[in-house]
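*Asks:* give me a model of this one.
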Amino acid sequence: MKRYLLGTIYAVVALVAWGANAQPFPAKPIEFVVPGNPGAGSDIFARLIADLIRKEKLVAQPIVISNKGGGGGAIAAVYAAQKRGDPYVIVSFPTGMMLTAPLRSGLDIGLDRFHPLALLGFDINCLMVNADSPYKSVRELVDAAKAQPKTISVSVGSPGSTSHMFVYTLERLTGARFNVAIMKSGTEAVTAVLGGHVHWSTGQMTDALPHVAAGKMRLLGVASQQRLASLAEVPTMKEQGLDMHIAAGRSFAAPAGIPGDAAAFLESVFEKVYRSADWQDYMARNVMEPVYMNGAEYGRYLAARQPEFARFIADLGLAAKK
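*Replies:* The predicted structure is shown next:
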């Protein structure tokens, strides 16, 4: 009995001491883990958000960028997932990568290993053709592919990417079959269209906009939920009878098991970033779809899209062998 009482007393003393010494979160630098190398889209996004947080003085600690590219996001995901309960490790994940990395790698880096914090908007995929293309609408392009399967060519940035999912979804919805050319990057995919090597391509708006502005490319459709404000003349895929929402969701997550107070603080920081004039201006300039989701909302969104991405990866034969 005496040993039990002593143990209880020691435990209480330890808890009191911890509470006295504990500092409000954050008490040290926060690490932003990026699933890409310096200069990649995910890297540019993470650095932009870190700069906005500093500018707005939202966190009284430095934010350190940690690039862990490779493995289709698996290297960054494994690193972050192993930091369970650590709120000082935040991973900057495009939505598609967060859902496909565990499927393609076969590693234990599924949604249950992370605590979603926020989604700050969607980089929308678009359907782009050369300015000299004879195709004036998505329907014309699809009809040509259905009339002569595998003769209409399309370039995509990498296997299993949102660009690849755009083509996969378009084929599944229409029955058309395209000749898919896999490139090393989104830049190469766009170059293939500009050079007349393929009939069309799909990528994020930032890949297409400079060439559209220069009169070298045309957009036949955007895979957003509604028309984009600065491209009001371009119809959505849904308006053209194709219910598609294909985009790179720009988001953040922490390892699972982080303290509730830290999670609430981080969510509030990202919400303030989204509401900031600088982020709103960035989204408008880059023709992003302005959608915000808090941690709970984003978690439900990911869970709802998970079966769709699982089928996509399985159908392409990209799922890891069990």
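*Asks:* so who does the closest residue to residue 25 other than its chain neighbours touch?
*Replies:* Leaving aside its chain neighbours, residue 25 sits nearest to residue 262 (4.5 Å; criterion: C-beta to C-beta, 6 or more residues apart in numbering). All C-beta atoms are positioned from the backbone trio N, CA, C, and that covers glycine. Shown in contact with residue 262 (C-beta atoms under 8 Å, 6 or more residues apart in numbering): 25, 26, 87, 254.
*Asks:* tell me how far the strand or helix carrying residue 262 is from the chain's mean position?
*Replies:* According to DSSP states H and E, residue 262 maps onto helix 260-275. The chain centre lies 18 Å from the centre of helix 260-275; the measure is C-alpha atoms, centre = their mean, to the nearest Å.
*Asks:* pLDDT (mean, whole number) over that helix?
*Replies:* Taken as a whole, helix 260-275 has a mean pLDDT of 98.
*Asks:* mind listing what's buried in that helix?
*Replies:* Buried residues in helix 260-275, counted by 16 or more other C-beta atoms under 10 Å: 262, 263, 265, 266, 267, 269, 270, 271, 273, 274.
*Asks:* same thing with stretch 297-308?
*Replies:* 298, 299, 301, 302, 305, 306.
*Asks:* likewise for stretch 157-174?
*Replies:* 157-171, 174.
*Asks:* in a markdown table: the buried residues of stretch 297-308, plus secondary structure and pLDDT.
*Replies:* Below are these laid out as a markdown table (DSSP: H, G, I helix; E, B strand; the rest coil; pLDDT from 0 to 100):
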| residue | secondary structure | pLDDT |
| --- | --- | --- |
| 298 | helix | 97 |
| 299 | helix | 97 |
| 301 | helix | 97 |
| 302 | helix | 97 |
| 305 | helix | 95 |
| 306 | helix | 95 |
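*Asks:* and those, which is closest to residue 149?
*Replies:* residue 305 (28.6 Å; C-beta to C-beta).
*Asks:* which parts of this protein are helices?
*Replies:* For the chain, applying DSSP state H gives helices covering 2-21, 41-55, 74-81, 95-105, 138-147, 162-174, 186-194, 205-213, 260-275, 277-285, 295-315.
*Asks:* just send these back as TSV, with distance to residue 247 too.
*Replies:* Below are the helices of the chain laid out as TSV (distance: least, C-beta to C-beta, whole Å):
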stretch	distance to residue 247
helix 2-21	44
helix 41-55	12
helix 74-81	20
helix 95-105	8
helix 138-147	17
helix 162-174	7
helix 186-194	13
helix 205-213	9
helix 260-275	16
helix 277-285	12
helix 295-315	11
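*Asks:* which of the ones you listed has the lowest mean pLDDT?
*Replies:* helix 2-21 (a mean of 39).
*Asks:* okay, now the domains of the protein?
*Replies:* According to automatic domain parsing, the chain comprises the domains 30-122+248-315, 124-240.
*Asks:* now those domains as a markdown table including distance to residue 321?
*Replies:* Converted to a markdown table, the domains of the chain look like this (distance: least, C-beta to C-beta, whole Å):
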| stretch | distance to residue 321 |
| --- | --- |
| domain 30-122+248-315 | 7 |
| domain 124-240 | 15 |
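*Asks:* just list the residues touching the residue nearest to residue 189 when sequence neighbours are not counted, thanks.
*Replies:* Of all residues not flanking residue 189 in the chain, residue 155 sits nearest, at 3.9 Å (C-beta to C-beta, 6+ apart). Applying C-beta under 8 Å, 6+ apart, we find residue 155 in contact with 181, 182, 183, 188, 189, 190, 192, 193, 197, 198, 200, 201.
*Asks:* tell me the contacts of the residue lying closest to the second one once chain neighbours are set aside?
*Replies:* Spelled out, it's residue 182. Excluding its sequence neighbours, the residue lying closest to residue 182 (C-beta to C-beta, 6+ apart) is residue 159, at 5.5 Å. Contacts for residue 159 (C-beta under 8 Å, 6+ apart) come out as 182, 316, 318.
*Asks:* follow-up on the earlier one: any chance of TSV for the contacts of residue 155, columns distance to residue 249?
*Replies:* TSV is the format used below for the contacts of residue 155 (distance: C-beta to C-beta, whole Å):
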residue	distance to residue 249
181	26
182	23
183	22
188	23
189	20
190	21
192	26
193	25
197	30
198	26
200	23
201	21
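*Asks:* now list the buried members of these.
*Replies:* 183, 188, 189, 190, 192, 193, 198, 200, 201.
*Asks:* can you give me the neighbour number for the residue lying closest to residue 36 once chain neighbours are set aside?
*Replies:* Closest residue to residue 36 in three dimensions, ignoring its sequence neighbours and counting by C-beta to C-beta, 6+ apart: residue 42, at 4.0 Å. A count of neighbours around residue 42, defined by other C-beta atoms under 10 Å, yields 23.
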